[in-house]
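Q: A predicted structure for the sequence below; I have some questions about it.
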Amino acid sequence: MTVTIVGSQLGDEGKGGVVDLYGDAADVIARYQGGDNAGHTVVEDGTEYKLSLVPSGAVRGKVGILGNGCVVNPKTLFEEIDTLREKGLDPDVRVARRAHVILPYHRVLDNIEEDVKSDTDIKVGTTGRGIGPTYEDKAGRRGIRVGDLLDPEVLRKRLEYVVPQKRALIEDVYNVSLADVDDVIEGVNVQDAFDVSALFEQYRRFGERLDEEEMTVAAGKFLAETIDEGGEVMFEGAQGTSIDIDHGNYPYVTSSNPTAGAAAVGTGLGPTTVGQGEVIGIVKGYLSRVGSGPLPTELGDIDDQTGGTGEGKEDEIASYIRDEGGEYGTVTGRPRRVGWLDMPMLRHAARANGFTGLAINHIDVLSGLDEVKVGHTYSLDGEELETVPATTERWERCEPTLKTFEGWEDVDWDVVAEEGYDAVPDAAKEYLDYISDELDTPVYAIGVGPGREETVVRQNPFE
Ligand code: IMP
């Protein structure tokens, strides 16, 4: 039995809390895509840990796997592991030998490309972690894999091939002098980032440490054996369906597939294994977005709200939701754009992922509003659309047809979490029933606060 956790919107739906909650019953938690662009906060014994790579389950005594579909920055990985160890924890993290490695030049290229695009409407607003350039090299068959770090001869050969290309790309294509980018990117020594010997030494040592600590695995084999021995496996998607490279609003997407199909490809198990289990869509009761791209149900204008001049009703609601929901990026600290729930986006996600259950989060954040709205359908060129158009240009022109729900009062959500579904305010229940009916999927859990205890659990997919 496996359970796959997928973001059904734009990332930041509160997947971490659900992984934490249901992950209790799992033996192994495997991430199948993304890298240190993700951010999750884990609270253990009253201490808060902000993690971007170490799977949250690894803090709770589970085996955490970074599957072959992930891109791994070893520097981030070891920094996170060392911080956790300093606090007395002993995370058990294994990394797929087939996963690709983020090198410093990927980060430099990510930042330069965003800079070059800054005056255009195709700037993505990436996290600057080198995610896109690393997946580009993977697809371009010039990437370096985790297994290569353990073989100095292969590592050197790969670096000797690729590094001069990267240097030429920066100097001759982007026309940027490396001296000018120095010190711009935190934690990256730009000169060393394009020096084969410096990279070789640093990454060979990462390989040695991965080997000494027996952290590398053939992920598919490891997971298949776990399942054969009766173990429970959870797949943890990062980001969300609308920023999936295939199913999201391209080009404002991340460079991997957060959708459920990638749980198979990104770990080395078959779709039949993933498909026999449950796929839980994580939904936030409203929308938030870091970075560019269409957001038809957006409330007001982020520049007005963060510039302090936003006085309209929509700006006010957006600021209220942003502050109540702590809508600031975990990795970047950027204030997020905010919008009403978008049903065309969710119908698209339900089909692309095949959800068997939903966890709907942040219902507490919306409390206190007089009314809560939802983008029920879109209207585009005189047509009514139930789901999102396949091109972003059309998506951008969609006008939401809003449906209004009565707001619900702010209550003691800890009590609601303790007493269960019956204690959820009636108006909120109506909202949840609407989402469930539209997506034809049962609601398994309702998030009413940031901690895993602050969840109303109606069903545990592992039971
Ligand atoms: P990248 O993944 O850093 O290349 O960024 C590509 C897009 O995905 C940008 O719009 C980012 O803001 C967005 N993104 C990446 N990771 C996350 C995440 O964990 N939550 C929300 N958005 C993300």
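A: Good, I have the coordinates.
Q: so Thr401 is in which element?
A: In the assignment (DSSP states H and E), Thr401 maps to strand 399-406.
Q: Quick check: buried residues in the helix or strand following that strand?
A: Next helix or strand after strand 399-406 toward the C-terminus (DSSP H and E): helix 413-419. Neighbour counts over helix 413-419 (16 or more other CB atoms under 10 Å) mark 413, 416-417 as buried. For the C-beta atoms, the positions are set from N, CA and C on the backbone; glycine is no exception.
Q: Tell me which strands the strand holding Thr401 pairs with, and in which orientation.
A: Sheet partners assigned to strand 399-406 using DSSP bridges are listed as strand 371-380 (antiparallel).
Q: neighbouring contacts of the helix or strand that the strand it pairs with is followed by?
A: Later in the chain than strand 371-380, the nearest helix or strand by DSSP H and E is strand 383-385. With CB atoms under 8 Å, 6 or more residues apart in numbering as the test, strand 383-385 has contacts from 344, 377-379, 398, 401.
Q: Stretch 159-172 now?
A: By CB under 8 Å, 6+ apart, the residues outside stretch 159-172 that reach it are 105, 108-109, 112, 137, 142, 144, 176-178, 181, 194-196, 199-200, 203.
Q: Would you point out the helix or strand in this protein whose mean pLDDT is lowest?
A: Of all the helices and strands that make up the chain, the one with the lowest confidence by mean pLDDT, DSSP states H and E is strand 40-44; it has a mean of 76.
Q: Return the set of buried residues in that strand.
A: The neighbour-count check on strand 40-44 (16+ other CB under 10 Å) flags 40, 42 as buried.
Q: tell me the secondary structure for Ile317?
A: Put simply, Ile317 is helix when judged by DSSP: H, G, I helix; E, B strand; the rest coil.
Q: Thought Gln305 was touching it, still the case?
A: No: Ile317 is not in contact with Gln305 according to CB atoms under 8 Å; the separation is 10.0 Å.
Q: any weak-confidence spans in the stretch 301-450 of the chain?
A: 308-310, 331 (pLDDT under 70).
Q: Now do the helices in it.
A: 302-307, 313-325, 343-353, 392-396, 413-419, 426-439 (DSSP state H, counting those that start in this stretch).
Q: I'd like to know which of the ones you listed lies nearest to Arg452.
A: helix 413-419 (9.7 Å; CB to CB).
Q: who does that closest one touch, helix- and strand-wise?
A: strand 455-457 (3 or more CB pairs under 8 Å, 6 or more residues apart in numbering; DSSP states H and E).
Q: which parts of the strand it packs on are buried?
A: Applying 16+ other CB under 10 Å to strand 455-457 flags 455-456 as buried.
Q: ok and the residue in the stretch 251-400 of the chain nearest the ligand?
A: Going by CB to the nearest ligand atom, the ligand is nearest to Gly291 of the stretch 251-400 of the chain, at 2.6 Å.
Q: where does that residue land in three-state SS?
A: Following three-state DSSP, we place Gly291 in the coil state.
Q: How confident was the prediction at it?
A: pLDDT recorded at Gly291 is 78.
Q: residues in contact with the nearest residue to it once chain neighbours are set aside?
A: Among residues not flanking Gly291 along the chain, Gly125 sits closest, at 2.9 Å (CB to CB, 6 or more residues apart in numbering). Counting by CB under 8 Å, 6+ apart, Gly125 makes contact with 114, 252, 290-292.
Q: Pick out the most distant pair among the residues you listed.
A: Farthest pair in the contacts of Gly125, by CB to CB: Glu114 and Val290, 13.3 Å.
Q: Those two - which one has more neighbours?
A: Ranked by neighbour count (other CB atoms under 10 Å), Glu114 and Val290 place Val290 first, with 25 against 15.
Q: can you pull the contacts of the more buried one?
A: Per CB under 8 Å, 6+ apart, neighbours of Val290: 10-12, 125, 329, 332, 334, 336-337.
Q: Can you tell me which of these are buried?
A: Using 16+ other CB under 10 Å as the burial test, the contacts of Val290 include 10-12, 125, 329, 332, 336-337 as buried.
Q: got the residues of the stretch 201-350 of the chain near the ligand?
A: 238-239, 243, 252, 254-255, 290-291 (CB under 6 Å from any ligand atom).
Q: what's the angle between the strand holding Thr401 and helix 343-353?
A: Angle between the axes of strand 399-406 and helix 343-353 is 100 degrees (criterion: axes from the mean of the first three to the mean of the last three CA atoms, to 10 degrees).
Q: by how many degrees do strand 399-406 and helix 426-439 diverge?
A: Going by the same axes, to 10 degrees, strand 399-406 makes 140 degrees with helix 426-439.
Q: beta partners for Phe405?
A: Going by DSSP bridges, Phe405 forms beta bridges with Val372.
Q: What count of nearby residues applies to it?
A: Neighbourhood size, Phe405 [other CB under 10 Å]: 17.
Q: pretty sure it contacts Leu369?
A: No: judged on CB under 8 Å, Phe405 makes no contact with Leu369 at a distance of 9.6 Å.
Q: tell me which element the residue nearest to the spatial centre of the chain falls in.
A: In the chain, the residue lying closest to the centroid (CA atoms, centre = their mean) is Gln239, at 2.1 Å. Using DSSP H and E, Gln239 maps to neither a helix nor a strand.
Q: quick one, what contacts it?
A: Counting by CB under 8 Å, 6+ apart, the residues that Gln239 touches are 7, 10-11, 33-34, 37-38, 254, 256, 258.
Q: Got a PyMOL select line for the buried ones in the residues you listed?
A: Those of the contacts of Gln239 that count as buried under 16+ other CB under 10 Å are selected in PyMOL with:
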select buried, resi 7+10+11+33+34+37+38+254+256+258
